[in-house]
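Undergrad: Here's my sequence, what's the structure:
(chains A and B)
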Amino acid sequence: MKDEIKKYIVDTFMYGEGSVEYDQELYESGLINSMGFFRLLTFIEETYDLSIDMSELSVDNFTTVNDITTMINSKLENK
Amino acid sequence: MDFSLNENQIDLKKSAAEFAEKKLNDDVEERDRKSEFSRDGWNACADFGLQGILVPEQFGGMGLNAIDYAAIMEGIGYGGTDNGLIFSVNAHVLVCIIPILHHGSDALKEKYLPALVSGKMIGANAMTEADSGSDMFSNSTSAEKKNDYYVLNGSKTFATNAPVADTFIVYAATNKSKGFFGLSCFLVDRETEGLTVGNNMEKMGLRTSPISDVAFNNCKIPATHILGKEGSGGIMFGDTMEWERGLIMASCIGIMERQLYSCRKYAHVRKLGNQSIGKFQAIAHKIADMKVRLETSRLMLYKAAWLKSQKKTATLETAATKLYISESYIQNCREAMKIYGAYGYMVEYGLERELRDALASQYYSGTSEIQKNIISSMIL
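TA: Prediction:
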């Protein structure tokens, strides 16, 4: 899952060039902007067949590939 | 796949249309002229249940979903002609009640939702700023945390309902360096010391919906009045905008339906020589175009409503819905005026007011250009 998300980020926001670390902060560096946030969220919902309540999202659980994967796994376990 | 509304939704839509026609249409022309908001109309909407459609029953609402909301507001638009009042109700529900409902603490929900549903309180959303427009990440309004409160400074403009509002949803930077995660959202009472509401701005259309500036000068906001976590304002704004863009045009679908009915009728009774004007292709084709725009707009509305009822993220779909319906709505208003000829230009027929009201839809909830920016940024 981590690699799938990482690949999506690189393909979508870096046009396939470069790389992203699992613990890299994705927003402050400008890699993902506000629209990119919602694009990534849509990708996750579609890929893992989830509905993510936006009130569950915050700076604590959606800023690195590691955070995002943890959040998705938690959602899948409780599905 | 099922494109039909269920029986309950059809009944709700019908009763909404009947309610609006009976209770909301008095003196609209005069109130439009005076830019006058109808508190009686607001209270009637609350008694009917409009403000509480999406709010759970425990807070006094109807506990219905986004599709129900779309159906009811479509009925309201069909029966009602006070488009400004209906716009104010939409703003109150979609950008004030929704963020409290989705992101507010239990204490805030218990304190504010019953009053916002009953009509006792009116809500406003203050996001747009004079120097940054729809770009919320360039906003200069700030909130600095001090002990158990935040100090809010800055000013907002084009805040719908502000002149009559009791409470405000305010977006402010809590940490500018964090960009998307540097914004926070607050619930601010009108009585807060240092909060100033400007005079009602005179507008071209939607004149019965009040709008003004709001300024914050060292306003002390209890820390308990933050919605969600500090830094979650960007997410909240995106969530709220999806609801607004997905559903705010529902009443306009009702208006388009009413206009089409009126134009069809007029095309039959209005004669040139011995012939109904509907027999002329120039008129008949306009009516065909109006029908196609109405049906395609309705499909987009209910697709967006369905996505939100499924709790799906729908950033692209709701921006496309808002863009398409607003442009179609304006186009249909223009066609209706042309079908009526010079009569359509006369105030007493109400069509010029409908067009003035419709033109606002290119601006509110993000301009058509902003919707295109969103759509393209989601696919490029």
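
Undergrad: Show the residue spans covered by the helices in chain A.
TA: Under the criterion DSSP state H, helices of chain A are mapped to A:2-13, A:34-48, A:65-77.

Undergrad: Now tabulate those in CSV and tack on mean neighbour count and distance to chain B.
TA: Where you see a C-beta, it was placed from the backbone N, CA and C, and this is true even at glycine. Shown next, in CSV, are these (neighbours: other CB atoms under 10 Å in any protein chain shown; distance: least, CB to the nearest CB, whole Å):
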stretch, mean neighbour count, distance to chain B
helix A:2-13, 16, 10
helix A:34-48, 19, 4
helix A:65-77, 16, 12
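
Undergrad: Dump the ones you listed into TSV; add distance to residue B:199 as well.
TA: What follows is the helices of chain A, written out as TSV (distance: least, CB to CB, whole Å):
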stretch	distance to residue B:199
helix A:2-13	45
helix A:34-48	32
helix A:65-77	46
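
Undergrad: Identify whichever of those lies nearest to residue B:255.
TA: Closest to residue B:255 of these, according to CB to CB: helix A:34-48, at 29.6 Å.

Undergrad: Quick one: work out the angle between that closest one and helix A:2-13.
TA: 140 degrees (axes from the mean of the first three to the mean of the last three CA atoms, to 10 degrees).

Undergrad: how about the helices of chain A, which one is nearest residue B:131?
TA: That would be helix A:34-48 among the helices of chain A, by CB to CB, at 18.3 Å.

Undergrad: Give the other helices and strands that the closest one contacts.
TA: Secondary-structure packing of helix A:34-48 (3 or more CB pairs under 8 Å, 6 or more residues apart in numbering or on different chains; DSSP states H and E): helix A:2-13, helix A:65-77, helix B:233-247, helix B:315-339, helix B:368-379.

Undergrad: Rebuild these as CSV, extending it with mean pLDDT and distance to residue B:301.
TA: What follows is those, written out as CSV (pLDDT from 0 to 100; distance: least, CB to CB, whole Å):
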stretch, mean pLDDT, distance to residue B:301
helix A:2-13, 93, 29
helix A:65-77, 91, 29
helix B:233-247, 94, 8
helix B:315-339, 98, 6
helix B:368-379, 94, 15
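
Undergrad: Figure out which of those is closest to residue B:279.
TA: helix B:315-339 (13.0 Å).

Undergrad: For chain A, tell me whether that closest one is touching it.
TA: Yes: Helix B:315-339 reaches chain A (CB under 8 Å from any CB of the partner chain) through B:315, B:316.

Undergrad: Format the helices and strands packed on helix A:34-48 as TSV; extra columns: distance to residue B:166.
TA: What follows is the helices and strands packed on helix A:34-48, written out as TSV (distance: least, CB to CB, whole Å):
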stretch	distance to residue B:166
helix A:2-13	42
helix A:65-77	36
helix B:233-247	19
helix B:315-339	27
helix B:368-379	29
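
Undergrad: Can you show me the strands along chain B?
TA: For chain B, strands defined by DSSP state E occupy the ranges B:123-126, B:142-146, B:149-160, B:167-173, B:183-189, B:195-197, B:211-222, B:226-227, B:271-272, B:275-276.

Undergrad: highest average neighbour count across the ones you listed?
TA: Highest mean neighbour count of the strands of chain B: strand B:123-126, a mean of 28 (counted as mean count of other CB atoms under 10 Å in any protein chain shown).

Undergrad: For the stretch 51-200 of chain B, which residues score under the pLDDT cut-off?
TA: For the stretch 51-200 of chain B, applying pLDDT under 70 flags the ranges B:133-137.

Undergrad: What are the neighbouring residues in contact with the residue in it that chain A sits nearest to?
TA: Nearest residue of the stretch 51-200 of chain B to chain A, counting by CB to the nearest CB: residue B:181, 4.4 Å away. Shown in contact with residue B:181 (CB atoms under 8 Å, 6 or more residues apart in numbering or on different chains): A:27, A:28, A:59, A:63, B:175, B:231, B:232, B:234.

Undergrad: rerun that using 10 Å as the cut-off
TA: Neighbouring residues of residue B:181 by CB atoms under 10 Å, 6 or more residues apart in numbering or on different chains: A:25, A:27-28, A:34, A:37, A:58-60, A:62-63, B:174-175, B:229-235.

Undergrad: List only buried entries from those.
TA: Using 16 or more other CB atoms under 10 Å in any protein chain shown as the burial test, the contacts of residue B:181 include A:27, A:34, A:37, A:58-59, A:62-63, B:174-175, B:229-235 as buried.

Undergrad: List the buried residues for stretch B:200-208?
TA: Applying 16+ other CB under 10 Å to stretch B:200-208 flags B:200, B:203, B:205, B:206, B:207, B:208 as buried.

Undergrad: Look up how far residue B:176 lies from the fifth one.
TA: When you say that, I think you mean residue B:207. Distance of residue B:207 to residue B:176, computed by CB to CB, to the nearest Å: 37 Å.

Undergrad: The last one too?
TA: Remark: distance between residue B:208 and residue B:176 (CB to CB) = 38 Å.

Undergrad: swap in the fourth one?
TA: Residue B:206 sits 33 Å away from residue B:176 when distances are taken as CB to CB.

Undergrad: And the second one, by the same measure?
TA: When CB to CB is the yardstick, residue B:203 and residue B:176 sit 32 Å from each other.

Undergrad: before we move on, the earlier item: what is the nearest of the buried residues of stretch B:200-208 to chain A?
TA: Out of these, the member with the shortest distance to chain A (by CB to the nearest CB) is residue B:206, at 27.7 Å.

Undergrad: who wins for proximity to residue B:78 among the helices and strands packed on helix A:34-48?
TA: helix B:315-339 (13.4 Å).

Undergrad: picking up where we left off before, out of the strands of chain B, nearest to residue B:9?
TA: strand B:123-126 (25.7 Å).

Undergrad: The closest one pairs with which strands, and in what direction?
TA: Strand B:123-126 has these partner strands in its sheet, going by DSSP bridges: strand B:167-173 (parallel).

Undergrad: Off-centre distance for the strand it pairs with?
TA: In terms of CA atoms, centre = their mean, to the nearest Å, the centre of strand B:167-173 is found 18 Å from the chain centre.

Undergrad: Export only the CA atoms of it, formatted as CSV.
TA: Extracted in CSV, the C-alpha atoms of strand B:167-173 (Å, rounded to 0.1, in the frame of the first residue of the first chain):
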residue,chain,number,x,y,z
THR,B,167,-23.0,33.8,14.6
PHE,B,168,-20.2,33.6,12.1
ILE,B,169,-18.0,30.8,10.8
VAL,B,170,-14.6,32.5,10.3
TYR,B,171,-11.4,31.1,8.7
ALA,B,172,-8.1,32.5,10.0
ALA,B,173,-4.4,31.6,9.8
